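Engineer: Give the three-dimensional model of this entry:
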Amino acid sequence: MRFFSLTALFACLSACAPYNKNPVTTMEPNQDGGVEVIAGDRKKLKNVNVTKSFKQEVEGKMIAKVEVQNRSSRPVVFGYKFDWVNQDGSVDSASSPWHTATINGQEIKTLEGVDFRGNAVDFRILLKAK
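Structural biologist: I've put the predicted structure just below:
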């Protein structure tokens, strides 16, 4: 009886494990002005291509921009946010909220984020399907 109870409890707990149907893809800029995937995969956003990335500093605050292209003929809705990389290499993921973007078929759009804290030396862009 005890074995059955433990087995039933384990089955219930594992059935409640969350399933992330919209995984996040994390990318960071490379030296060529593009981006590299550093976490996650692009399966859900295979038609959304980041073509360029660039950053600039204005009045002590970093402005990050990424150019995104929809390679599909249909509109794509996705979420994005910027994480800010500090001088010591730590990542601040709490200071930037998630935004929703819609990009029409074959359209190119520029996404922009600003580090209002003024601590960032680099950035990461996070994308997820909606």
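Engineer: my guess is Leu126 is in a strand, correct?
Structural biologist: Yes. If the criterion is DSSP: H, G, I helix; E, B strand; the rest coil, then Leu126 is within a strand.
Engineer: Surely it touches Val35?
Structural biologist: No. With contact defined as C-beta atoms under 8 Å, Leu126 and Val35 do not form a contacting pair (11.2 Å). No exception for glycine: its C-beta is placed from N, CA and C like everyone else's.
Engineer: list the residues that contact both of those two?
Structural biologist: Residues touching both Leu126 and Val35 (C-beta atoms under 8 Å, 6 or more residues apart in numbering) are Met27.
Engineer: neighbour count winner among the two?
Structural biologist: Val35 (21 against 18; other C-beta atoms under 10 Å).
Engineer: What is the burial count for the closest residue in space to the more buried one that isn't next to it in sequence?
Structural biologist: Once flanking residues are discounted, Val35 sits nearest to Met27: 4.0 Å by C-beta to C-beta, 6 or more residues apart in numbering. Neighbour count of Met27, defined by other C-beta under 10 Å: 21.
Engineer: The host helix or strand of Met27 - contacts with which helices or strands?
Structural biologist: Take DSSP states H and E as the rule and Met27 turns out to sit in strand 24-29. Other elements packing on strand 24-29 under the criterion 3 or more C-beta pairs under 8 Å, 6 or more residues apart in numbering; DSSP states H and E are strand 35-39, strand 48-58, strand 120-129.
Engineer: Just the CA trace of it, in PDB.
Structural biologist: Output of strand 24-29 as PDB, limited to C-alpha atoms (Å, rounded to 0.1, in the frame of the first residue of the first chain):
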ATOM      1  CA  VAL A  24      13.000  31.800 -25.100                       C
ATOM      2  CA  THR A  25      15.900  32.300 -27.500                       C
ATOM      3  CA  THR A  26      18.700  34.400 -26.100                       C
ATOM      4  CA  MET A  27      21.100  36.100 -28.500                       C
ATOM      5  CA  GLU A  28      24.000  38.400 -28.100                       C
ATOM      6  CA  PRO A  29      25.700  40.700 -30.600                       C
END
